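Novice: The amino acid sequence is not available; the structure is as follows:
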Ligand code: CMP
């Protein structure tokens, strides 16, 4: 049994896609072990995306991620990191497979509706960034 962090980004929340995204997880048998809606400050977003600090898109990405509420979730299931990445589709929605969340709803490489952890190590760090042990069920 594995866990991963999922975020419905400000564009997904603003556009009323919370239910649509959660439906896709639950339909695949992925369990939601923790969930909340939060509004990150610029500093919170910079901390979360610290690995991208040197990237040219860092400032714009952290502005965007602190531009409105987000929904953060810990997802649980067998091989859930990979399964979530398949449901999301490629970071660049133009390369995402048809039927994936990003192919269906993303509007640009930054406003790509969802985030998902890319490895077990990062999943653990990312879940701990938002949730205490008492909030994961
Ligand atoms: P995410 O999976 O949240 O991880 C980093 C985010 O940076 C990515 O999704 C995109 O929303 C954003 N981003 C913006 N520009 C780029 C880019 N050129 N390459 C990769 N990610 C980008």
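Specialist: Thanks, I have it. All of these numbers come straight from a predicted model, not from anything done at the bench. Residues are numbered from 1 along each chain as shown.
Novice: Can you show me the strands along this structure?
Specialist: Secondary structure of the chain, counting by DSSP state E: strands at 2-8, 31-38, 70-77, 114-116.
Novice: Can you say which of those is nearest to the ligand?
Specialist: Each of the strands of the chain has some distance to the ligand by CB to the nearest ligand atom; the shortest is strand 114-116, at 3.5 Å. Where you see a C-beta, it was placed from the backbone N, CA and C, and this is true even at glycine.
Novice: Whether the closest one contacts the ligand - can you check?
Specialist: Yes. Using CB under 6 Å from any ligand atom, strand 114-116 reaches the ligand at residue 115.
Novice: Which residue ranges of this protein form helices?
Specialist: Listed in chain order, the helices of the chain (DSSP state H) span residues 10-14, 18-27, 42-48, 58-65, 80-88, 101-105, 120-130.
Novice: which residues touch the last one?
Specialist: Meaning helix 120-130. Under the criterion CB atoms under 8 Å, 6 or more residues apart in numbering, residues 2-5, 34, 36, 38, 47-48, 72, 74, 81, 117, 136 lie in contact with helix 120-130.
Novice: Now, of those, which are buried?
Specialist: Neighbour-count burial within the contacts of helix 120-130 applies to 2, 3, 4, 5, 34, 48, 72, 74, 81, 117; the criterion is 16 or more other CB atoms under 10 Å.
Novice: and the first one, how far is that from residue 33?
Specialist: Taking CB to CB, to the nearest Å as the measure, residue 2 and residue 33 are separated by 11 Å.
Novice: Find the residues that touch each one of those two.
Specialist: By CB under 8 Å, 6+ apart, residue 2 and residue 33 have these common neighbours: residue 76.
Novice: The ligand contacts on this structure?
Specialist: Counting by CB under 6 Å from any ligand atom, the residues of the chain close to the ligand are 52, 57, 61, 91, 109, 110, 112, 115.
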